[in-house]
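Visitor: could you work out the structure for the sequence below:
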Amino acid sequence: MGRLSEQLGCRTALVTGASSGLGLAFARMLRDEGLEVWGASRAPEETAKSEGWHAVRMDLTQTESLLAAVEQVRREAGVPDILINNAGAGVFSSFANFPREQISRQLQLLLEAPIALTRAFWPDMLARKSGAVVNVSSLAAEFPLPAMSLYSAGKAGLSGFSRALMLEAAGRGVQVLDFQPGDFQTAFNRAAVRPPGGEDWEIKLWERNQALLEGGALPAQAARDLRRALARRRSGTVASGQIFQATIAPLAQRLAGYRLTRWALLKYYRM
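Guide: Take a look at the predicted model:
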């Protein structure tokens, strides 16, 4: 079995949120598999420079920054063979106290920006009949997170967008993956916006979430799961994480329906 670049005949990839966590793991995996990687983040200088790595400054909440980054990638790489929309961050707050200014910001970061980036390259991928778009949503698209309602909504929207693109791309040579990670050992909680205060249940829930992340899988597992999915050359939804979250829980949901799933979620989060 050769490297991914040889199996797929691909040379270039654009990965957002590539400075840490899953994005960094994805970018390193693709570089090790023989691709030239354009790693995008708000602070690309923090990412170690190495052969096959090209830094791209991109703030997904700023339209001008996004457009400038697209222009840079087109100038240096053309249309990337693989686009991974991975960047994202959450706001942890009950909806009753959710900061108004963060509502549109969350949807822009988690949904509007990935759609805009996909639109920038999608027509060319279809025209040449090759390419892959990976939208990193979340298992929160299937199992909504309490105190992270806008994050759950944004990821569910991204998942729906991906599944619609799968239909449009059928038979046209472009692969679309809805990649749904569960809890991983990343800096996600440290990067989350958390308004001051909060009710007792929010504080306990934050502690529960922190424990779940600390006990989660390593980012390298997500990179391995993504590699396998890309190598299959088929569009689809890919759950990634520990076996309970990625395999058992989705199966149980299909068998039990959402009423029992909601009850199970309340128990899972100890609410």
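
Visitor: centroid-nearest residue for this structure?
Guide: By C-alpha atoms, centre = their mean, the chain has its centre lying nearest to V136, at 2.3 Å.

Visitor: so it sits right up against L22, yeah?
Guide: Yes. V136 is in contact with L22 according to C-beta atoms under 8 Å; the separation is 6.7 Å. Glycine gets a C-beta too; all of them are placed from N, C-alpha and C.

Visitor: intersection of neighbour lists for these two?
Guide: Both V136 and L22 are contacted by 86, 181, under the criterion C-beta atoms under 8 Å, 6 or more residues apart in numbering.

Visitor: now do stretch 5-16: distance to the chain's middle.
Guide: Relative to its chain's centre, stretch 5-16 lies at 17 Å (C-alpha atoms, centre = their mean, to the nearest Å).

Visitor: residues of it that come out buried?
Guide: For stretch 5-16, the neighbour count (16 or more other C-beta atoms under 10 Å) marks 5, 8, 10, 12-16 as buried.

Visitor: and those residues as JSON lines, adding distance to A147?
Guide: Compiled in JSON lines, the buried residues of stretch 5-16 are given as follows (distance: C-beta to C-beta, whole Å):
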{"residue": "S5", "distance to A147": "41"}
{"residue": "L8", "distance to A147": "40"}
{"residue": "C10", "distance to A147": "39"}
{"residue": "T12", "distance to A147": "39"}
{"residue": "A13", "distance to A147": "34"}
{"residue": "L14", "distance to A147": "32"}
{"residue": "V15", "distance to A147": "29"}
{"residue": "T16", "distance to A147": "25"}
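
Visitor: R233: which of these is nearest?
Guide: Nearest to R233 among these, counting by C-beta to C-beta, is L8 at 7.1 Å.

Visitor: for the closest one, give me its contacts.
Guide: 81, 132, 230-231, 233.

Visitor: related to what we said a few turns ago, out of the buried residues of stretch 5-16, list just those in helices.
Guide: 5, 8 (DSSP state H).

Visitor: so what touches the worst-scoring helix or strand of the chain on mean pLDDT?
Guide: Least confident helix or strand, the chain: helix 249-256 with a mean of 74, by mean pLDDT, DSSP states H and E. If you take C-beta under 8 Å, 6+ apart as the criterion, helix 249-256 is touched by 139, 142-143, 239, 261, 264.

Visitor: repeat for stretch 150-164
Guide: The contact list for stretch 150-164, computed with C-beta under 8 Å, 6+ apart, reads 85, 88, 90-91, 98, 102-103, 106-107, 109-111, 114-115, 118, 133, 135, 137-138, 140-142, 144-145, 176-178, 180, 237.

Visitor: so for G154, what's the nearest residue that isn't a sequence neighbour?
Guide: Once flanking residues are discounted, G154 sits nearest to L110: 3.0 Å by C-beta to C-beta, 6 or more residues apart in numbering.

Visitor: how distant is stretch 84-92 from the center of its chain?
Guide: Computed by C-alpha atoms, centre = their mean, the separation of stretch 84-92 from the middle of its chain amounts to 7 Å.

Visitor: how long is it end to end?
Guide: One end of stretch 84-92 sits 25 Å from the other (C-alpha to C-alpha, to the nearest Å).

Visitor: strand partners of whatever helix or strand I84 lives in, parallel vs antiparallel please.
Guide: For I84, the host element (DSSP states H and E) is strand 82-85. The strands beside strand 82-85 in its sheet (DSSP bridges) come out as strand 12-16 (parallel), strand 132-136 (parallel).

Visitor: distance to A169 added to those strands, as JSON lines?
Guide: Shown next, in JSON lines, are those (distance: least, C-beta to C-beta, whole Å):
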{"stretch": "strand 12-16", "distance to A169": "18"}
{"stretch": "strand 132-136", "distance to A169": "8"}
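
Visitor: and E76, which of the ones you listed is closest to it?
Guide: strand 12-16 (8.9 Å).

Visitor: now the element after that closest one, going C-ward?
Guide: For strand 12-16, the following helix or strand on the C-terminal side (DSSP H and E) is helix 21-32.

Visitor: how far is that following helix from where the chain is centred?
Guide: In terms of C-alpha atoms, centre = their mean, the centre of helix 21-32 is found 12 Å from the chain centre.
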